[in-house]
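> Generate coordinates for the sequence data below:
(4 chains)
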Amino acid sequence: MMSLLVQVLISGLAIGAIYALIAAGFSLLSQGSQTVNFAQGDFVVLPAFVILAANSYGLPIWAGFVIALVVAALVLGVLFKRLMVDPILPHGAMQLSIATMALSIVLQNSMLNVGGAQAFPFPGINGGIHWGNVFIDWQSVTILLTAVAAVTALNLFMGRTRLGRAIQASAQGPQVARLLGINVTRMVLITFVLNAALVTLAALLISPIYLVKFDNGIGIGLAAFSAAIIGGFNQVRGAVVGGLLLGVVQNFAATFGPTQYRDAVPMLLLIIFILFRPQGLLGRAEERRV
Amino acid sequence: MNHPYRVLAIALLLVLVGGVAGFGLKPYPIYLISQWAVYTISAIGLNLTLGYAGQISLAQASFVGIGAYATALLMPHGVPFGVTLVIGAAISFILGVLLGFPALRVQGHYLAFVTLALATIAFLVFRNESWLTNGTSGIDKIVRPFPFTSDLAYLWLCLGSLAIVTLGTWWLLRSPWGRAFLALRENPVRASSLGVDVRMYTLLAFAIGAALGGVSGALFAPLGQYIEPAEFALPLSFSLLLMVVVGGSGSFLGPFLGAMVAVALPEVLRSFQDYYLVIYGVMVILLLVFSPDGLVGLIERAVRRRPVAAPAEPAK
Amino acid sequence: MATDPNSPVLVMDGVVGGYGRMTILNGLSFSVARATITTIIGPNGAGKSTAFKAIFGLLNLRGGRILLEGKDVTGHSPAALIGQGVCYVPQGRNIFPELTVHDNLELGGVALGTTAAMRSRVEEALDRFPILRQKARAQASTLSGGQQKLLEIARGLIARPSLMLIDEPSIGLSPLMVKDVFATLQKLRDQGVSILMVEQNARSALEISDNGIVLETGRTRLVGTAKSILNDPRIAKLFLGAEVDLDEPAPV
Amino acid sequence: MSVVLEARDLHRHFGGVKAVNGVSFQVEEGEILGVIGPNGSGKSTLFNCLLGQIPPSMGQVFLDGKDVTGMKPIALSRRGVSRTFQLLQVFPQLSARENLILAGQEHIGSRMKRLFGKPDAGLTGAADRMLEQFKLSHVAALPAGGLSYGQQKLLDAAMAFMAGPRLVLLDEPAGGVNLSLLGSFRERLRAMNAEGGSTFVVIEHNMDFVMSLCTRVMCIAEGKVIANGKPEDVRNDPTVIEAYLGH
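Take a look at the predicted model:
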């Protein structure tokens, strides 16, 4: 029993750490430019297909990852911002959200048409070690370590570098940031590119587990929104806490609860948090203006 | 709402054209027009909630599902179609009231997420509670109510229902309730200072919108004569939301046009095969970039080239 | 920089501008002398804050010129103006609440682009404001209102400005805190910074100022030493909305 | 004369800041009470406490002798309290006439009657009379968002009178209204006060407007009432002048 608990915990943390990456990107966008991206889940699937495609041409996974990174930065970062966010945001944040729902349809169906409806296997890491009667698989450990390293790097970048602080400042007070001479437009663009990098890394980590399927984005997206909200919508640290918590709870629910309602767990948590603690676990209650 | 009678006349004319066209058409086009009528009813409901009262809902597909299952499950037990339709609408109305409660606490994106979560849970219930819904196998051989058994007759039932819904919605929106819904969308704080019961109208906006989703579902089940849970999952909610936005959120004719595009586009783009959804999505994005008030806004701007300027104050 | 100590730091010359179709500044002219505190007062809607926005390149001007150290800077961007020694401390709270006090300060120099010098300037600022030193690692949102204002002033000073524009620093502060802020401004003036202030709290602002400017409907109505304006009985009436003819000499 | 509104020792604190710090006053039937005071003196917070937007930290509010402390805006509206907001708050997509109908419709009939009865709730006549009184008849059918600022301000004020209120609280009615319109606006408000039998409380920065409109003026500074009396007396009160010029 104990061994099962540890295994479920570790794989839950691994999945949760990936959620954290995706949720962190989601939070960055919403904080930096009021972009609530309903296509965030599909943003993860697209680079996975790019890596697979590169792989099918004989390139190693790492090379595919680099290509995916470039493609994502360009398409999901720069083009997404320039062609969709910039022109639609002035009409309203809700209009933009609805546009990202349309984008989700575009991405999913493009991937369906190009790649097909089947779930493609994605190379992962096999094996693991027995520690007493607990089996720890390398895959989960690698995922966990990589995701934690990435989030730590992100946090250090945001908090310890001048560029990171300027990005935070642009999100917390764009007017004031402009008065201090910060190029807010550029900071926002960097935020989009950062998000693209995060989802590409998430694609690399999550695909061995969930495989690559054109509509995986729906579930991944739902988990990422939930993680972001549970942790505190507007904070990278919140996304980490929310992601890990969600991954573990979901994994336990799937193992010990009714399997067919596994997907309901993040949804229930989401509803409970929005209604009773909308600022999330780490967020501060925002002052309400009349 | 500058010309209240004109929009009503246009809407009813569209319905009439659909009905008359049915005479000369093959079963498939008749099926498409029926589908248009069914989607339009659902989109009218969502337009009431989203476009007029300003409350986003991603759960409209769930109410279509409730209406559809109520009809599919009750009709074999000898309950007449008219009654199953009312039951589906009533259950949706009540659940719609419950859906409205989160809207009293949160707005905007948070509300979108809550309704999205509830819609996901509703889909899981449809899928998992096989004892009731027959799970992923779905329910087939749903009979059409007498005397609307032929394709053409069923088309008229759908269009007739749409005509009634159109009239009812038109009346509602012209009444003080419609004005209160708009007030809710534009400025709830000011509205409540004028005595508008924001709580009550918010719940009503959700409930009436949901009830229309239920009506649409009741018509949906016998149309294809087969239903399964996946039809009422998130993609339908997204799709209905896009119909409202494409047509023109908050305009009376918006749902009619939006549903028309959603139904006709796959047919028009038949030669592009599976790419039609990609094209549809791109079109929606382009529309949001260039005409945030949808096709109705686009048409209005084309018809009325110059906006009416406010006359200056009279000379003293 | 070899500048004539007697030449004004800033000259507004017939500035016209506003928002949309609404004109707020109707040919505003005044100048700010070097190393002085100059306070702009006037009734609501006189265009005081708008004047600051005009100086700091945040308003589309329809006429007039703005000269900084004799150079035309009309229409320059905020970043360019910071580079030329202007800093602007707007009304209300303008800190970045979730960044630390230290990081807030550092952002004051972001437009200058030099990294190395910035560290010592932040240290200098922390030395100058011991209360900020105490809380350097705390989130800025944990500071009191007055401390936040001091942080804003300190942040403005990171870029070593020769002219500071400060808008209604006393709003929302306790009288004790206002004294503190004003004392800080006086100290800065003594160190050679020219300060242009807008203040609703006219009396106590004028008491620490060298010069005063009275604005009404986007025009300069009265210019003089702070003392002369403070003692002008017509000012009180102007604030309370009575008809005042400022073009007539003051009654003796 | 009966007392319509009474505040007893109202306090409202935000953290350590005492925005309203022990305010008591009465307003008698038919009065037009002006509330003045420098920026940040607590006028808006006082209004919000009176109107149920925020609950007072301490103290009570009475309407016609009944305790209405902390009552929600909608409940107050039902009791005949109406208000305008400092920033313009008309409904831009509705026509001027529809704005007025909206302002009156929830005060007559039942909710069901509102659904099944006349689309205008029988208020078109009343709305048009109001438009005429506020000299807005020529723009009755235009969307309110397209009116000039001054016209919207008039409409905003007119909406406050549609329900035949007992007490009207006006928050900076003259703000942004140009001089040529101001005089007739003041006369309109006076007439509404005289004919409608409603009692006014007005926050206003434009001193000329306050002094010529109000029957009584109260000055607030640092959350306290520092003067209360005839307009001329308050204007010449040294403590008031002191308050405006600062410490």
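> Just give me the neighbour total for B:T136.
12 (other CB atoms under 10 Å in any protein chain shown). C-beta here means a position set from N, CA and C on the backbone, and glycine is covered the same way.
> wait, isn't it in contact with B:E231?
No. B:T136 is beyond contact range of B:E231, at 11.2 Å (criterion: CB atoms under 8 Å).
> Residue ranges in the chain under the pLDDT threshold?
By default, I'm working from chain A. A:1, A:234, A:284-290 (pLDDT under 70).
> wrong one, I was asking about chain D
Looking at chain D by pLDDT under 70, you get D:1, D:16, D:245-247.
> Enumerate the helices of it by residue range, in sequence order.
Assigned by DSSP state H, chain D shows helices spanning D:43-50, D:73-78, D:96-105, D:111-116, D:124-133, D:149-159, D:179-196, D:207-213, D:231-236, D:238-245.
> Near chain D, which residues of chain B? Just list them.
Applying CB under 8 Å from any CB of the partner chain, we find that chain B lies next to chain D at B:172, B:174-177, B:179-180, B:182-183, B:186-187, B:189-198, B:200, B:308, B:310-311, B:313-314.
> mind checking the longest helix of chain A?
Longest helix of chain A, by residue count under DSSP H: helix A:2-33.
> Report whether it contacts chain C.
No. Using CB under 8 Å from any CB, helix A:2-33 stays clear of chain C, with a minimum separation of 9.9 Å.
> what's the answer for stretch D:92-110, then?
No. For a cut-off given as CB under 8 Å from any CB, stretch D:92-110 has no contacts with chain C; the smallest distance is 15.8 Å.
> which of the residues in the longest helix of chain A are buried?
A:6-33 (16 or more other CB atoms under 10 Å in any protein chain shown).
> which helices and strands does the helix or strand following that helix pack with?
Beyond helix A:2-33 on the C-terminal side, the first helix or strand identified by DSSP states H and E is helix A:40-56. Contacts defined by 3 or more CB pairs under 8 Å, 6 or more residues apart in numbering or on different chains; DSSP states H and E place helix A:40-56 against helix A:2-33, helix A:61-72, helix A:93-115, helix A:184-210, helix A:216-231.
> so how far is stretch A:201-214 off the chain centroid?
Offset of stretch A:201-214 from its chain centre (CA atoms, centre = their mean, to the nearest Å): 12 Å.
> That stretch near chain B anywhere?
No. Judged by CB under 8 Å from any CB, stretch A:201-214 makes no contact with chain B; its nearest approach is 11.1 Å.
> right, and B:A43 touches B:L242 too?
No. At 9.5 Å, B:A43 and B:L242 do not qualify as touching, with contact defined as CB under 8 Å.
> joint contacts of the two?
Counting by CB atoms under 8 Å, 6 or more residues apart in numbering or on different chains, the common neighbours of B:A43 and B:L242 are B:G258.
> neighbouring contacts of stretch A:196-210?
A:14-15, A:17-18, A:21-22, A:24-25, A:28, A:40, A:43-48, A:51, A:61, A:65, A:68-69, A:72-73, A:75-77, A:122-125, A:139, A:143, A:146-147, A:150, A:154, A:216, A:219-220.
> What's the ChimeraX syntax to select whichever of the residues you listed are buried?
Typed into ChimeraX, the line below selects the buried ones among those, using 16+ other CB under 10 Å:
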select /A:14,15,17,18,21,22,24,25,28,40,43,44,45,46,47,48,51,61,65,68,69,72,73,75,76,77,122,124,139,143,146,147,150,154,216,219,220
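> neighbours around D:G176, how many?
For D:G176, using other CB under 10 Å, the count is 15.
> from memory it sits against D:K153, does it?
Yes. In this structure D:G176 lies within contact range of D:K153 using CB under 8 Å: 6.5 Å.
> joint contacts of these two?
D:L88.
> so what's residue 39 up against?
As the question left the chain open, I've gone with chain A. Residues in contact with A:A39, defined by CB under 8 Å, 6+ apart, are A:100-101, A:103-104, A:107, A:217, A:221.
> actually chain D
C:44, C:171, C:200.
> For the residue nearest to the first one when sequence neighbours are not counted, the count of nearby residues, please.
Yep, that's C:N44 we're talking about. Counting by CB to CB, 6 or more residues apart in numbering or on different chains, the nearest residue to C:N44 once its immediate chain neighbours are dropped is D:H205, at 4.9 Å. Using other CB under 10 Å, D:H205 has 19 neighbouring residues.
> cool, B:D274 as well?
With other CB under 10 Å as criterion, B:D274 counts 12.
> Surely it is in contact with A:V114?
No. B:D274 lies out of contact with A:V114 (CB under 8 Å); the separation is 10.2 Å.
> Check the gap between the residue of chain C found nearest chain A and A:T255 for me.
Nearest residue of chain C to chain A (CB to the nearest CB) works out as C:A111 at 2.6 Å. Note on C:A111: its distance to A:T255, by CB to CB, to the nearest Å, is 54 Å.
> same thing with C:L222?
79 Å.
> When these two are compared, which one has more neighbours?
C:L222 (21 against 15).
> Give the partner strands of the helix or strand C:L196 falls within in its sheet and their orientations.
Counting by DSSP H and E, the element that carries C:L196 is strand C:194-198. Paired with strand C:194-198 in the same sheet, following DSSP bridges, are strand C:37-41 (parallel), strand C:163-167 (parallel).
> what sits up against that strand?
C:9-10, C:32-41, C:48-49, C:51-52, C:55, C:162-169, C:185, C:188-189, C:205, C:209.
> pLDDT averaged over the helix or strand following it, what's the number?
Sequence order places helix C:202-207 as the next helix or strand after strand C:194-198, per DSSP H and E. Computed over helix C:202-207, the mean pLDDT rounds to 86.
> Next, the buried residues of helix C:202-207.
C:202-206.
> can you list the residues you listed in JSON lines and add distance to B:F101?
Shown next, in JSON lines, are the buried residues of helix C:202-207 (distance: CB to CB, whole Å):
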{"residue": "C:A202", "distance to B:F101": "51"}
{"residue": "C:R203", "distance to B:F101": "53"}
{"residue": "C:S204", "distance to B:F101": "51"}
{"residue": "C:A205", "distance to B:F101": "51"}
{"residue": "C:L206", "distance to B:F101": "56"}
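> if I pick residue 118, what's in contact with it?
Just so you know, I chose chain A. So A:Q118 contacts A:K213 (CB under 8 Å, 6+ apart).
> what's the helix or strand for it?
Here A:Q118 is assigned to no helix or strand, by DSSP H and E.
> could you measure it against chain C, distance?
45 Å (CB to the nearest CB, to the nearest Å).
> Not counting residues beside it along the chain, what's closest to residue 222?
All of this is about chain A. Nearest to A:L222 is A:P266, by CB to CB, 6+ apart, at 6.0 Å.
> I was after chain D.
Per CB to CB, 6+ apart, closest to D:E222 is D:S41, 6.3 Å.
> what comes up buried for stretch A:241-254?
Quick answer for stretch A:241-254 (16+ other CB under 10 Å): A:241-251, A:253-254.
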